[in-house]
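Q: build the 3D model from these lines:
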Amino acid sequence: MSTTFTMRMEEGQKTLISEYAAAQGQSMADFMLEAALEIIEDATDLRDWEEAYAEYKADPVTYSHDEIMKEFGLR
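A: Below is the predicted model of the structure:
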């Protein structure tokens, strides 16, 4: 199910976004949705990386590709 979302912006901003979206072959709505979802994905990826890096810093043990393959019986 889709819904409608209204956004206020300056006319110049609307023109800029609309023209850019058109140049990319997208509607303004599709462009804005895609941009918002990419920002959320980037923020989520960064959060996940920061958590993984904190775990690594707490216990900096690493394994080689060969060690992992042997561990799971793939070699």
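Q: quick one: mean pLDDT over stretch 5-22.
A: For stretch 5-22, the mean pLDDT works out to 97.
Q: whoops, I mixed them up, stretch 34-46
A: Stretch 34-46 shows a mean pLDDT of 98.
Q: which residues does it contact?
A: residue 26 (CB atoms under 8 Å, 6 or more residues apart in numbering). C-beta here means a position set from N, CA and C on the backbone, and glycine is covered the same way.
Q: now do stretch 15-29
A: Under the contact criterion CB under 8 Å, 6+ apart, stretch 15-29 has outside partners 9, 14, 30-32, 34.
Q: out of those residues, list just those in helices.
A: Of the contacts of stretch 15-29, the ones assigned to helices by DSSP state H are 14, 30-32, 34.
Q: can you lay out the residues you listed as JSON lines showing neighbour count?
A: Compiled in JSON lines, the ones in helices among the contacts of stretch 15-29 are given as follows (neighbours: other CB atoms under 10 Å):
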{"residue": "14", "neighbour count": "13"}
{"residue": "30", "neighbour count": "12"}
{"residue": "31", "neighbour count": "18"}
{"residue": "32", "neighbour count": "16"}
{"residue": "34", "neighbour count": "13"}
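Q: adding distance to residue 5, write those residues out as CSV.
A: Below are the ones in helices among the contacts of stretch 15-29 laid out as CSV (distance: CB to CB, whole Å):
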residue, distance to residue 5
14, 14
30, 13
31, 13
32, 9
34, 14
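Q: so which of those residues comes closest to residue 2?
A: residue 30 (11.9 Å; CB to CB).
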